[in-house]
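Asker: 3D, please:
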Amino acid sequence: MTVRQITAQQAKELIAKENAQLIDVREPAEHASVHIPDSKLHPVGRISAKDLENPEQALLIYCQKGARGKNACEKLLSENPNLNVYNISGGIEHWQQSGFDTQKGSSNMLPLDRQVQLSIGIMLIVFSALSLTLSTAFVWAVALIGMGLFIAGSTGFCGLARIVAMMPWNQKV
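Answerer: Numbering: from 1, shown residues only. Next comes the predicted model:
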């Protein structure tokens, strides 16, 4: 089943026309930092069709850039193929670039994708340094990180992102 993609402009029109539901599938700390007003938080790792307040309405799913939103749409549609689900292409970043309102909170949490990028960068530096100074065996850790990046890029699934999403600082609201 293909996920229907819409632009921020189309989403805004759908909200005005059909009173569609906005669902944020990012983590609680990301939502607390900035979100689209009146959106409901249902993190992608825990979203379920049975938890939706009004499944008859059009559901507009968004994340930071669009990938987690697409995954959430796929999950919802696999549970209930009759849902009227749309993924906002480009996520909240596209929404903001389109000039639409967002609500900022007091949290300054980095988006999940940037947390993952920082984690990968630190791991590569540490394992590269260890392979140069202690043992060349540490080069295998660098290779595994590279393989993980390849898998994430080719499939859209990032195991490290799932782990980082479960960290306590990403659960605080």
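Asker: mind checking the SS state of the residue nearest in space to the middle of the chain?
Answerer: Central residue of the chain (Cα atoms, centre = their mean): residue 68, 3.7 Å from the mean position. Of the three states, residue 68 takes helix under DSSP: H, G, I helix; E, B strand; the rest coil.
Asker: next up, the contacts around it.
Answerer: Listed by Cβ atoms under 8 Å, 6 or more residues apart in numbering, the contact set of residue 68 reads 25, 26, 44, 91, 112. Just so you know, the C-beta spots here come from the backbone N, C-alpha and C atoms, and that holds for glycine as well.
Asker: residue 41 and residue 21 touch, don't they?
Answerer: No. The pair residue 41 and residue 21 fails to qualify as a contact (Cβ atoms under 8 Å) at a distance of 12.0 Å.
Asker: those two: who's more crowded?
Answerer: residue 21 (20 against 17; other Cβ atoms under 10 Å).
Asker: and that one, backbone torsions?
Answerer: phi -90, psi 130 (degrees, to the nearest 10).
Asker: and for the closest residue in space to residue 109 that isn't next to it in sequence, the neighbour number?
Answerer: What sits nearest to residue 109 in space, not counting adjacent residues and going by Cβ to Cβ, 6 or more residues apart in numbering, is residue 29, at 4.0 Å. Residues within reach of residue 29, counting by other Cβ under 10 Å, total 23.
Asker: contacts for the helix or strand hosting residue 29, please.
Answerer: Element membership for residue 29 (DSSP states H and E) is helix 28-33. Applying Cβ under 8 Å, 6+ apart, the contact partners of helix 28-33 are 24, 39, 41, 43, 64, 104-109, 111-112, 169-173.
Asker: swap in 10 Å and give it another go.
Answerer: Residues outside helix 28-33 that contact it (Cβ atoms under 10 Å, 6 or more residues apart in numbering) are 24-27, 39-43, 63-64, 68, 92, 102-113, 115, 165, 167-173.
Asker: ChimeraX command to pick out the buried ones of those residues?
Answerer: Buried residues within the contacts of helix 28-33, by 16 or more other Cβ atoms under 10 Å, are selected in ChimeraX with:
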select :24,25,26,27,39,40,41,42,43,63,64,68,92,109,111,112,113,115,165,170
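Asker: quick one: which of the contacts of helix 28-33 sit in helices?
Answerer: Counting by DSSP state H, the part of these found in helices is 68, 92, 112, 113, 115, 165, 168, 169, 170, 171.
Asker: tell me which of those is nearest to residue 76?
Answerer: In terms of Cβ to Cβ, no member of these lies closer to residue 76 than residue 68, at 12.5 Å.
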